[in-house]
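1. just coords:
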């Protein structure tokens, strides 16, 4: 356990993404890659659009959350230590249509993700307004743990042939590692980067790598992005974590959710259509009129991001 000093803070700030988990209605850790901004006051900011508001709903029902900074792609340091953060979160119902106090978060995003800049100007903004209707999630850290770099993660043990139709088997085989979401002995969410071994029934991980994890509902996230936060893909496998033997526990998969980035030709269109419909449904369910995005404020930050080199927090 440790606090976040200047050196560790710089390491966290250099990460392009982290894994963020909330607890679903059944208590399953639901984990997705996201960008997190470490505020000067020590809290973290995560934002989500209305189309993917489940994270916000989960936080309002159960405020226990966790972050894991484990994939250093794009950070410039392949040997950066992993950093696990857990704590509590809050998410007001206010819909943000401008950068507001998160200006640095957006400036950094535009600098690190060049392909996002055109979406705040015509014609891109005409079909991307849903993305800029955001909810702000503030995370207050209670536990911080520094772990060995991803580059030091032990190779996976040889796997075996999965049962026909085992959910997620093809996905896990495509990735060198994954993030296991469990709950600890205090029932708080716990995230661990692992190299799962495929078994006939599921995905085995060494018990020694799981720390104070407890058996029960769990999930396995695979995701990737390139150096410029493009080429993204993510998928979440949910199921039950059981104690297979003294040395290994196994995630028995039940369901796979693959929201975007599958590579199919119609994937981008499907994602856009789904997001727009989900946004309209959120507004309808909350009896709200569609708010107007402050495009000028976003364009100004996109222009600053285009001329910035470091993309790190200013001193």
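-> Nice, thanks for sending it over. Because the structure is a prediction, the values reported are computed rather than measured.
2. which residues in the stretch 51-200 of the chain form strands?
-> Counting by DSSP state E, counting those that start in this stretch, the stretch 51-200 of the chain has strands at residues 64-69, 82-90, 134-147, 178-184, 189-194, 197-198.
3. for stretch 94-101, what is the average pLDDT?
-> Regarding stretch 94-101, the rounded mean pLDDT is 96.
4. End to end on it, go ahead and measure it.
-> End-to-end distance of stretch 94-101 (CA to CA, to the nearest Å): 14 Å.
5. Tell me, please, where in the protein the pLDDT is lower than the cut-off.
-> 1-2, 260-265, 309-315 (pLDDT under 70).
6. In space, not sequence, find me the middle residue of it.
-> Geometric centre of the chain, nearest residue: residue 33, 2.0 Å, by CA atoms, centre = their mean.
7. how about the strands of the stretch 51-200 of the chain in JSON lines, adding distance to residue 161 and mean neighbour count?
-> For every residue, glycine as well, the C-beta is placed using N, CA and C. Below are the strands of the stretch 51-200 of the chain laid out as JSON lines (distance: least, CB to CB, whole Å; neighbours: other CB atoms under 10 Å):
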{"stretch": "strand 64-69", "distance to residue 161": "30", "mean neighbour count": "26"}
{"stretch": "strand 82-90", "distance to residue 161": "31", "mean neighbour count": "20"}
{"stretch": "strand 134-147", "distance to residue 161": "32", "mean neighbour count": "18"}
{"stretch": "strand 178-184", "distance to residue 161": "19", "mean neighbour count": "25"}
{"stretch": "strand 189-194", "distance to residue 161": "20", "mean neighbour count": "24"}
{"stretch": "strand 197-198", "distance to residue 161": "8", "mean neighbour count": "20"}
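8. Compare those and report which one is nearest to residue 157.
-> Closest approach to residue 157 among the strands of the stretch 51-200 of the chain (CB to CB): strand 197-198, 4.8 Å.
9. Note down every partner strand of the closest one and its orientation.
-> With DSSP bridges as the test, strand 197-198 is paired with strand 203-206 (antiparallel).
10. which residues touch the strand it pairs with?
-> Outside strand 203-206, the residues within contact range by CB atoms under 8 Å, 6 or more residues apart in numbering are 154, 157, 168, 172, 178, 180, 192, 194-198, 220, 237, 244, 247-251, 253.
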